[in-house]
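Undergrad: The sequence and its predicted three-dimensional model are supplied below.
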Protein chains: 2
Amino acid sequence: MFKQRARLSRVTNDTTTTETDVPWLTDDQQQQWRALFEMLATLPTAIDAQLKREAGVNSYEYQVLASLSQSPDHTIGLSVLAEEARGSLSRLSHALTRLEKSGWVERCPASEPGGRRMQARLTDSGLAKIEAIAPGHVREVRRLVIDVLTDDQLTALGEAARVIAAVAQEGTAETCAEGADC
Amino acid sequence: MFKQRARLSRVTNDTTTTETDVPWLTDDQQQQWRALFEMLATLPTAIDAQLKREAGVNSYEYQVLASLSQSPDHTIGLSVLAEEARGSLSRLSHALTRLEKSGWVERCPASEPGGRRMQARLTDSGLAKIEAIAPGHVREVRRLVIDVLTDDQLTALGEAARVIAAVAQEGTAETCAEGADC
DNA sequence: CAGGGGTACTTGAATGTTCAAGTGCGAGTC
DNA sequence: GACTCGCACTTGAACATTCAAGTACCCCTG
């Protein structure tokens, strides 16, 4: 059993440490992880760059606009929106301030009497915006992901991603709002 | 052929736009992309959180330390290091300033006469640091990725990631240092 | 209805990344 | 050998995200 040179794990050849209980990756695992890591670094950057370049928004803001555009009345309560766009409430709040400044979104108090507090609403201009930029975004997703994989590869990728996202999420989610065993 | 409700693509039911040349995703593609996107959002966050919590570094700094620890003499020229750690030179420079402040790395002028200019060198303390934190990092990678997938799933994931990273990279890489057709 | 606690945000400061200059040095040019 | 060009980095400002308070309103309890 030889020592694998581990870019992201095994670090030296010094064997004085408690070697046995550290589960270093095999060469093969190493390679797959390396590839995944590379994708993790490059894909979001590429997606973001396209949105920034052609639309002037980052992918989080895009997400917010997209979520709003699909909601009844183009309106969502902020907490729900934050959860949908997978960011903290604080992040959403800052993003909304920016989007309001551009005139694409407005905040309004929730109308329901006795209901919750704030909602975000997509303006007409915001709707026009997202409709204008969505095609370019989809094209980029196609170019970078959909079109470079076979159907089987895409399915396998999606499946693996689902499993990983589920595990990664449960660590992050301190709310435990879902039916997880916490 | 019905309209798919597209979280990240098709935005409204208004069909007045140039519908035909926008290649909207199918429901299935949509789902896979959605899963991938979710992983893209959650996995790096989780990895980063573990490193921050247990080691006080972010994953970029970890990457820098790891790269250095594997180099002969624990020394690399800055440009090479920047490329290995997949960040801009500026990002590296800022990161090195932080790492120097912690005493894990030092900058030194390249010794080769007529050679290039600067190098980064891992200090003894830096080597101890990376050796101390590597196991925890590997364990986290295992927990989040390796251990939740079958071997076949991991292989498929790696393969897909390689393809995507290659495409995503060529857009990002303005240097065209590699043998790409540019 | 006064007081306490919780929910739903908002805000400002700290941190990290990017972007646009700026610097210093070597090489090629005349 | 001065001039210019370009490479290899550095730096500071702008921007985004996170973290830790802070605020405002609701409900519940006495």
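TA: Alright, I've got the coordinates.
Undergrad: Against residue B:140, how distant is the nearest residue to residue A:88 once chain neighbours are set aside?
TA: Excluding the flanking residues, the one nearest residue A:88 by CB to CB, 6 or more residues apart in numbering or on different chains is residue A:82, at 6.8 Å. No exception for glycine: its C-beta is placed from N, CA and C like everyone else's. Shown here: residue A:82 relative to residue B:140, a distance of 26 Å by CB to CB, to the nearest Å.
Undergrad: Neighbour count: the two, which is higher?
TA: More crowded of residue A:82 and residue B:140, by other CB atoms under 10 Å in any protein chain shown: residue A:82, with 22 against 19.
Undergrad: Check what pLDDT that one gets.
TA: pLDDT, residue A:82: 94.
Undergrad: Repeat that for residue A:87.
TA: Reported pLDDT for residue A:87: 88.
Undergrad: Who are the contact partners of it?
TA: By CB atoms under 8 Å, 6 or more residues apart in numbering or on different chains, the residues touching residue A:87 are A:60, A:95.
Undergrad: Does it fall in a helix, a strand, or a coil region?
TA: Classification of residue A:87 using DSSP: H, G, I helix; E, B strand; the rest coil returns coil.
Undergrad: cool, and the one 5 residues further on?
TA: Using three-state DSSP, the three-state assignment for residue A:92 comes out as helix.
Undergrad: do you know how far it is from residue B:44?
TA: 19 Å.
Undergrad: and if you look at residue A:153?
TA: Counting by CB to CB, the gap from residue A:153 to residue B:44 is 22 Å.
Undergrad: And residue A:168, by the same measure?
TA: Relative to residue B:44, and taking CB to CB, residue A:168 is found at 9 Å.
Undergrad: and stretch A:28-45, does that touch DNA strand D?
TA: No - taking CB under 7 Å from any atom of the strand as the criterion, stretch A:28-45 and DNA strand D are apart, separated by no less than 10.2 Å.
Undergrad: quick check, the helix or strand residue A:64 falls within touching DNA strand C?
TA: Using DSSP states H and E, residue A:64 sits within helix A:59-69. No - judged by CB under 7 Å from any atom of the strand, helix A:59-69 and DNA strand C are separated, with a smallest distance of 12.1 Å.
Undergrad: continuing past that helix, what's the next helix or strand?
TA: strand A:75-77.
Undergrad: Is it correct that the residue nearest to residue A:88 is in contact with residue A:92?
TA: Yes - using CB atoms under 8 Å, residue A:82 is in contact with residue A:92, at 4.4 Å.
Undergrad: burial of the nearest residue to residue A:22 once chain neighbours are set aside, as a residue count?
TA: Leaving aside its sequence neighbours, residue A:22 sits nearest to residue B:135 (CB to CB, 6+ apart; 4.3 Å). Residue B:135 is flanked by 19 other residues according to other CB under 10 Å.
Undergrad: tell me the SS of residue B:135?
TA: helix.
Undergrad: for chain A, what spans make up the strands?
TA: A:75-77, A:105-109, A:118-122 (DSSP state E).
Undergrad: Tell me which of the ones you listed sits nearest to residue A:49.
TA: Among the strands of chain A, strand A:105-109 comes nearest to residue A:49, with 23.1 Å by CB to CB.
Undergrad: Quick check: buried residues in that closest one?
TA: residue A:105 (16 or more other CB atoms under 10 Å in any protein chain shown).
Undergrad: Straight-line length of stretch A:78-92, end to end?
TA: 8 Å (CA to CA, to the nearest Å).
Undergrad: and it, how far out from the chain's middle?
TA: Offset of stretch A:78-92 from its chain centre (CA atoms, centre = their mean, to the nearest Å): 12 Å.
Undergrad: likewise stretch A:26-33?
TA: Using CA atoms, centre = their mean, the offset of stretch A:26-33 from its chain centre is 25 Å.
Undergrad: Identify the residues contacting residue A:120.
TA: Contacts of residue A:120 (CB under 8 Å, 6+ apart): A:64, A:68, A:75-76, A:78, A:81, A:96, A:105-108.
Undergrad: swap the cut-off to 10 Å and go again
TA: A:64-65, A:67-68, A:71, A:74-78, A:80-82, A:92, A:95-96, A:99-100, A:105-108, A:126 (CB atoms under 10 Å, 6 or more residues apart in numbering or on different chains).
Undergrad: Quick check: beta-bridge partners of it?
TA: Residue A:120 has these beta-bridge partners by DSSP bridges: residue A:76, residue A:107.
Undergrad: Tell me which of residue A:92 and residue B:44 has more neighbours.
TA: Taking other CB under 10 Å, residue A:92 and residue B:44 do not tie; residue A:92 has more neighbours (21 against 16).
Undergrad: The more buried one and residue A:81 touch, don't they?
TA: Yes - using CB atoms under 10 Å, residue A:92 is in contact with residue A:81, at 6.2 Å.
Undergrad: Tell me how far the closest residue to residue A:105 other than its chain neighbours lies from chain B.
TA: With sequence-adjacent residues excluded and distances taken as CB to CB, 6+ apart, residue A:105 is closest to residue A:99, at 4.2 Å. Distance, residue A:99 to chain B, by CB to the nearest CB, to the nearest Å: 16 Å.
Undergrad: Would you confirm that residue A:99 contacts residue A:67?
TA: No - when contacts are counted by CB under 10 Å, residue A:99 is not listed as touching residue A:67 (11.8 Å).
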